[in-house]
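> Give the three-dimensional model of this entry:
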Amino acid sequence: MMLRQASRNDGAQELSEPSLIVIFGATGDLTRRKVIPALHSLSCAGLLSPRTHIIGVGRTEMDVDVFRSQLFEGIESYARMKPDPQLCALWSEFDTRVDYIAASPDDRAAFRNLAATIVQLESTGLLEGNILFYLAVPSVAVGPIVRSLAECGLLKRKQGWQRVIVEKPFGHDLESARQLNNELQQLLNEDQLYRIDHYLGKETVQNVLSFRFANSVFEPLWNRNYIDHVQITVSETLGVETRASHYDRTGVLRDIVQNHLLQLVALTALEPPSSMTSKALRDEKVKVFDAIRPLATEDVVLGQYAGYLNHPGIAKASQTPTYAALRLHIDNWRWQGVPFYVRTGKRLEAKETEITLQFKGIPHQLFADLPPAPNHLSLRIQPDEGIRLQFETKIPGAVMRTQPVEMTFDYSSRFGEGILADAYERLLMDSLHGDASLFIRDDEIESCWRLLDPLLHAKTKLPMHEYPAGSWGPAEANRLFDGSPRQWLRRCVPQE
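Model prediction:
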């Protein structure tokens with residue numbers, strides 16, 4: 001499949017085929033805050049077929065009107081983040097297309113009822129056999145649900161297409177990911193399976209590709225000859241909040257590093273694909289993952305924010321990390337000798353996601369009294385989405401002095417506030433169109449787990465460094481620079 005243009009506000013108003021969307025985990029937070037609002041927003045934009053119908057499936061017995069009212073709360077919250085007054089006003093035209101069925105993953109009778117409901121809907125002539133199953137459920141529930149769907153004959157039908165979206169994390173280590181891949185691939189073809197990482201749906205993440213491969217100025221510099229090192233930061237100001245007990249079983253390595261962070265590394269480091277097809281793009285990402293050198297103890301710093309152990313549901317001796325900083329080495333022709341410093345954590349000073357490339361210093365120093373700072377190129381994923389290039393310029397006056405300045409591009413300034421479509425909107429549209437370019441393939445999943453598995457199952461656990469809430473993490477993360485002049489960067493300039 002060819003990587004499609006973003007579906008909103010770019011002229012590519014391609015209507016989806018009439019489809020049935022079945023959402024498992026329908027009473028959960030993800031469905032209420034993201035999935036249903038994204039579908040409703042696509043409908044308001046005229047991108048979702050008016051014949052598309054939605055069935056929510058959850059464990060709780062619930063009247064459909066109660067279910068719809070809960071979804072409307074999510075629509076209201078979503079509308080406040082987007083300057084689109086129609087979102088709430090058009091809900092009454094959308095909610096009649098939403099139904100609800102109570103079922104647990106191993107309730108065969110409930111799944112037979114679901115199959116019968118689908119046949120009844122199709123008998124009206126409004127649907128054409130296309131079904132998208134969205135599994136907004138924990139990883140352990142994925143296998144049982146897919147088995148139940150297969151037993152009811154809902155996955156491989158003669159009419160239309162059937163696809164399954166699976167949320168991250170996909171497994172909890174390499175072995176469980178392999179088992180889940182094997183189980184699903186016995187019941188589904190790989191082209192039916194859409195492993196979702198919502199980061200890949202962000203416009204600013206996709207812009208990494210267009211910035212690199214649509215501009216002849218930068219791609220020739222994107223290698224070991226000109227780049228000193230790369231930094232990628234994914235930071236959050238919030239703690240574990242109401243997810244404490246769940247997070248304590250997951251930790252930052254599984255929650256962020258294995259998926260979001262490594263995907264950003266791959267998009268930054270990959271070779272130009274031969275085409276923008278899903279196969280070509282994902283082939284190049286796998287090559288990056290396979291080229292990352294196995295992590296040594298000195299390449300990793302883990303931390304836990306002060307106060308984490310006080311959350312209800314957290315074991316008092318928990319060694320679950322809420323912060324990770326890693327030094328990655330990509331052993332290939334383009335990046336040999338260029339370290340990638342990546343970090344992520346909760347309860348940090350600011351919420352931001354940024355990719356920064358620091359260029360090598362000038363080869364001959366002409367300004368001995370005040371050496372120029374290294375140049376930086378920063379791709380700002382969120383917030384303040386845009387691109388910043390830092391370079392040196394002369395300070396006006398009789399004396400030759402320079403200072404760093406920034407040349408900036410901001411999405412909001414150029415295209416207007418609220419122009420960026422939500423990541424789930426993009427990914428849902430792509431799944432309805434059968435474009436898997438921004439979804440994760442089975443070998444990608446296993447390559448990422450293969451890198452982290454030694455950390456997750458090490459007999460000797462790495463030290464856990466406590467850091468103050470609201471800081472930039474433990475000071476020990478600075479040792480990844482091995483005493484060099486490098487330091488953690490923010491917004492293209494060193495921290496004070």
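> Could you pull up the residues touching residue 454?
The contact partners of residue 454, taken as Cβ atoms under 8 Å, 6 or more residues apart in numbering, are 294-295. Bear in mind the C-beta positions are built from the backbone N, C-alpha and C, glycine included.
> Pretty sure it sits in a strand.
No: Residue 454 is assigned helix when assessed by DSSP: H, G, I helix; E, B strand; the rest coil, not a strand.
> how close does the residue nearest the centre of the chain get to residue 234?
With distances taken as Cα atoms, centre = their mean, the residue of the chain nearest its centroid is residue 199 (2.3 Å). Using Cβ to Cβ, to the nearest Å, one gets 9 Å for the distance from residue 199 to residue 234.
> go on, residue 263?
10 Å.
> When these two are compared, which one has more neighbours?
Taking neighbours as other Cβ atoms under 10 Å, residue 263 and residue 234 compare with residue 234 leading, 24 against 20.
> How many neighbouring residues does the residue lying closest to the more buried one once chain neighbours are set aside have?
The shortest distance from residue 234 to any non-neighbouring residue, by Cβ to Cβ, 6 or more residues apart in numbering, is to residue 344 (4.1 Å). Close neighbours of residue 344, defined as other Cβ under 10 Å, add up to 26.
> Can you give me the distance of the closest residue to the residue nearest to the centre of the chain other than its chain neighbours to residue 325?
Distance criterion Cβ to Cβ, 6+ apart; nearest residue to residue 199, sequence neighbours excluded, is residue 260 at 4.5 Å. Counting by Cβ to Cβ, the gap from residue 260 to residue 325 is 15 Å.
> Now do the domain split for this structure, please.
With domains defined by automatic domain parsing, the chain comprises 20-167, 202-416+455-494.
> now for the ones you listed, which one comes closest to residue 194?
domain 20-167 (4.6 Å; Cβ to Cβ).
> mean confidence for that closest one?
For domain 20-167, mean pLDDT rounds to 85.
> From the chain's centroid, how far away is that domain?
Mean C-alpha position of domain 20-167 versus that of the full chain (Cα atoms, centre = their mean, to the nearest Å) differs by 21 Å.
> same question, stretch 191-206
7 Å.
> Over to stretch 277-292?
So, by Cα atoms, centre = their mean, the centroid of stretch 277-292 is 16 Å from its chain's centroid.
> Run through the helices of the stretch 51-200 of the chain in chain order.
64-81, 86-89, 91-94, 108-123, 139-151, 174-187 (DSSP state H, counting those that start in this stretch).
> Packed most tightly, which of the ones you listed would that be?
helix 139-151 (a mean of 18; mean count of other Cβ atoms under 10 Å).
> Could you tell me the angle between that one and helix 174-187?
Angle, helix 139-151 to helix 174-187, by axes from the mean of the first three to the mean of the last three Cα atoms, to 10 degrees: 10 degrees.
> thinking again about what came up before, between residue 199 and residue 234, which contacts overlap?
260, 264.
> now the domains of the chain as a markdown table including distance to residue 188?
Shown next, in a markdown table, are the domains of the chain (distance: least, Cβ to Cβ, whole Å):
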| stretch | distance to residue 188 |
| --- | --- |
| domain 20-167 | 6 |
| domain 202-416+455-494 | 16 |
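> Mind checking those for the one nearest to residue 434?
domain 20-167 (6.9 Å).
> So what would you say the end-to-end distance of the closest one is?
The separation between the terminal residues of domain 20-167, taken as Cα to Cα, to the nearest Å, is 19 Å.
> so which of the helices of the stretch 51-200 of the chain gets nearest residue 309?
helix 139-151 (25.5 Å).
> picking that back up, for the residue nearest to the centre of the chain, give me its contacts.
Residue 199 makes contacts with 205, 259-260, 263-264, 381, 423, as judged by Cβ under 8 Å, 6+ apart.
> How about residue 188?
Residue 188 is in contact with 146, 155, 164, counting by Cβ under 8 Å, 6+ apart.
> List the single closest residue to the last one in space, sequence neighbours excluded.
Okay, so that is residue 164. residue 133 is the one closest to residue 164 (Cβ to Cβ, 6+ apart), at 4.7 Å.
> Quick one: the helices of the stretch 51-200 of the chain as a markdown table, columns for distance to residue 428 too.
What follows is the helices of the stretch 51-200 of the chain, written out as a markdown table (distance: least, Cβ to Cβ, whole Å):
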| stretch | distance to residue 428 |
| --- | --- |
| helix 64-81 | 14 |
| helix 86-89 | 16 |
| helix 91-94 | 14 |
| helix 108-123 | 19 |
| helix 139-151 | 18 |
| helix 174-187 | 20 |
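> Nearest to residue 272 among the ones you listed would be which one?
helix 174-187 (28.2 Å).
> And that closest one, what does it pack against?
helix 139-151, helix 442-456 (3 or more Cβ pairs under 8 Å, 6 or more residues apart in numbering; DSSP states H and E).
> I'd like those as JSON lines, with distance to residue 478 appended.
Shown next, in JSON lines, are the helices and strands packed on helix 174-187 (distance: least, Cβ to Cβ, whole Å):
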{"stretch": "helix 139-151", "distance to residue 478": "35"}
{"stretch": "helix 442-456", "distance to residue 478": "20"}
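> And these: which comes nearest residue 333?
helix 442-456 (18.9 Å).
> Could you check the closest one and say which residues are buried?
Buried residues in helix 442-456, counted by 16 or more other Cβ atoms under 10 Å: 442-453, 455.
> Need the residues that contact the helix or strand following that helix.
Sequence order places strand 464-467 as the next helix or strand after helix 442-456, per DSSP states H and E. Residues outside strand 464-467 that contact it (Cβ under 8 Å, 6+ apart) are 301-306, 319, 321, 323, 345, 473-476.
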